[in-house]
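Q: need a structure here:
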Amino acid sequence: MESTTHSAIDGTGKTAAGRLSAHLRRLRTDTRGVAAVEFAMILPIMFFLFVGTIEFSQALTVDRRVTQSASSTADLIARAPKEGLTTSQVDSELRIIEQLMKPYDASPLTVRIVSVLAKKTKSGSLQYNVDWSRDNHGNTPYARNSDYQGQMPDGLLVDKESVIIAEASYNYTPLIFNYFIKQAFDLNDTFYLKPRNALCVKLEGVQCGST
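A: Numbering: from 1, shown residues only. Below you'll find the model as predicted:
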């Protein structure tokens, strides 16, 4: 007895295997929808590049405003007349940062003005003491006659000289990436300017610490 195997044949005379093979060949050569798939793959990358450019531009602009706030306030205080300034005058000068920061929010910005005096120690090294300090929130950030702990450029001062230091710090929160960056970070800058009209800038009868 002979055994015969029959394959399923449709009305066109093609077997199921033949139909599957033909269908696979058509899929390999079909390019419809490729552009849509490629766009879907590239879209997230394009989106993050676009948002990142905006975020970087925003942070750079705010950082420049912070730098300008520090330099401008240091310059204004360093130009004080020989008789010095009152606390209210210093506070008034510090209000310039509200204009310099526009249209950005100035509330995260802290600008500290510090008058620092240099004194030579017995060993011949220089000691830097805080004569007075004030910030834009109406506070005294450094105690009078305390050692100044900030960075001091080499060769800036000699014995009995003083310098006005403006320390600016802005607690920056990303505009768009705050959904991903949950913690704000600080933008910082520091400026040093020597008094223009006297050896030091007096504040309400404080005789510059050295007298």
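
Q: Not counting sequence-adjacent ones, nearest residue to the most centrally placed residue in the chain?
A: What sits nearest the mean C-alpha location of the chain, by C-alpha atoms, centre = their mean, is Leu187, with 3.4 Å. Closest residue in space to Leu187, ignoring its immediate chain neighbours: Tyr170 at 4.4 Å, by C-beta to C-beta, 6 or more residues apart in numbering. The C-beta positions use only the backbone N, C-alpha and C, and glycine is treated the same way.

Q: thinking again about what came up before, roughly how far does the residue nearest to the centre of the chain sit from Pro141?
A: Distance, Leu187 to Pro141, by C-beta to C-beta, to the nearest Å: 18 Å.

Q: Then Thr190?
A: 13 Å.

Q: Mind checking which of the two has more residues around it?
A: Neighbours per residue (other C-beta atoms under 10 Å) separate Thr190 from Pro141, with Thr190 holding more: 18 against 14.

Q: sorry, back to before: the residue nearest to Leu187 is in what secondary structure piece?
A: Assessed by DSSP states H and E, Tyr170 sits inside strand 162-172.

Q: What residues sit buried inside that strand?
A: Neighbour counts using 16 or more other C-beta atoms under 10 Å place 162-170, 172 of strand 162-172 among the buried residues.

Q: and it, which strands flank it?
A: Strand 162-172 pairs in its sheet with strand 109-120 (antiparallel), strand 185-193 (antiparallel), by DSSP bridges.

Q: ok, what's across the strand from the residue nearest to Leu187?
A: The residues that Tyr170 bridges to, once DSSP bridges is applied, are Leu109, Leu187.

Q: ditto for Ile164
A: Beta-bridge partners, per DSSP bridges, of Ile164: Ser115, Leu193.

Q: Can you spell out which helices and strands pack onto the top helix by length along the chain?
A: In the chain, taking DSSP state H as the definition, the longest helix is helix 34-78. Secondary-structure packing of helix 34-78 (3 or more C-beta pairs under 8 Å, 6 or more residues apart in numbering; DSSP states H and E): helix 87-94, helix 96-100, strand 109-120, strand 162-172, strand 185-193.

Q: by how many degrees do it and helix 87-94 diverge?
A: 150 degrees (axes from the mean of the first three to the mean of the last three C-alpha atoms, to 10 degrees).

Q: list the contacts for the residue nearest to Leu187?
A: By C-beta atoms under 8 Å, 6 or more residues apart in numbering, the contact set of Tyr170 is 62-63, 66, 108-110, 186-188.
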